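Engineer: sharing a model that was predicted from the sequence below.
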Amino acid sequence: MSDQHTRDQLVNLLIEEQAHMSFENAVRRFPAAHINTRPPNVEYTFWHLIEHLRLTQWDILDYIRNSHYQAREWPREYWPTPDATTDAAGWQHTIDQFLNDRAALVAIVQDPHTDLYSPIPHGYDGHTILREILIVADHNAYHVGELGILRQVVGIW
């Protein structure tokens with residue numbers, strides 16, 4: 001398998017619908033009246049969920065490229081506060097930032113100078129960019145699927 005093939009597959013994991021729904025489809029035509037809705041038996045809102053995706057993805061992007069990276073406190077700094085709400089502009093801002101940060105991750109993967117396999121110089125326990133991209137893709141797929149299911153539960157498809 002070539003290095004380019006690996007890079008292509010990683011990009012596909014981040015942006016393509018393969019075995020999971022895309023982020024874009026999960027948020028497409030989302031009713032503004034429900035961005036702050038808490039689905040039944042769930043402690044967070046729809047916006048909290050996509051903001052969690054954004055915060056987590058941004059943290060991993062920061063970890064990859066920031067030699068002065070500071071770990072955030074889990075879970076407090078990876079979720080909005082339980083009483084936080086947003087409006088349509090805030091919802092769109094979260095989406096836009098998520099997509100911008102994902103594009104930055106894609107650019108890192110597509111850069112032929114990026115060594116996917118060497119430990120990140122400032123990272124922990126030999127973490128590699130390959131590992132971090134796989135974690136982002138896995139985490140995003142998990143919560144995007146959750147978002148889709150919760151939309152179905154609330155009846156807002």
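Structural biologist: All right, it came through fine. Numbering: from 1, shown residues only.
Engineer: what about the helices in the chain?
Structural biologist: Secondary structure of the chain, counting by DSSP state H: helices at 3-15, 23-27, 46-65, 88-110, 129-154.
Engineer: just those helices: most buried one?
Structural biologist: Highest mean neighbour count among those (mean count of other C-beta atoms under 10 Å): helix 46-65, with a mean of 21. Bear in mind the C-beta positions are built from the backbone N, C-alpha and C, glycine included.
Engineer: which elements pack onto that one?
Structural biologist: helix 88-110, helix 129-154 (3 or more C-beta pairs under 8 Å, 6 or more residues apart in numbering; DSSP states H and E).
Engineer: packing partners for the last one?
Structural biologist: Okay, so that is helix 129-154. Against helix 129-154 (3+ C-beta pairs under 8 Å, 6+ apart) you get helix 3-15, helix 23-27, helix 46-65, helix 88-110.
Engineer: need the contact partners of the last one.
Structural biologist: Under the criterion C-beta atoms under 8 Å, 6 or more residues apart in numbering, residues 7, 10-11, 14-15, 23-24, 27, 30, 32, 35, 47, 50-51, 53-54, 57-58, 60-61, 64-65, 86, 114, 116, 129, 133, 136, 140 lie in contact with helix 88-110.
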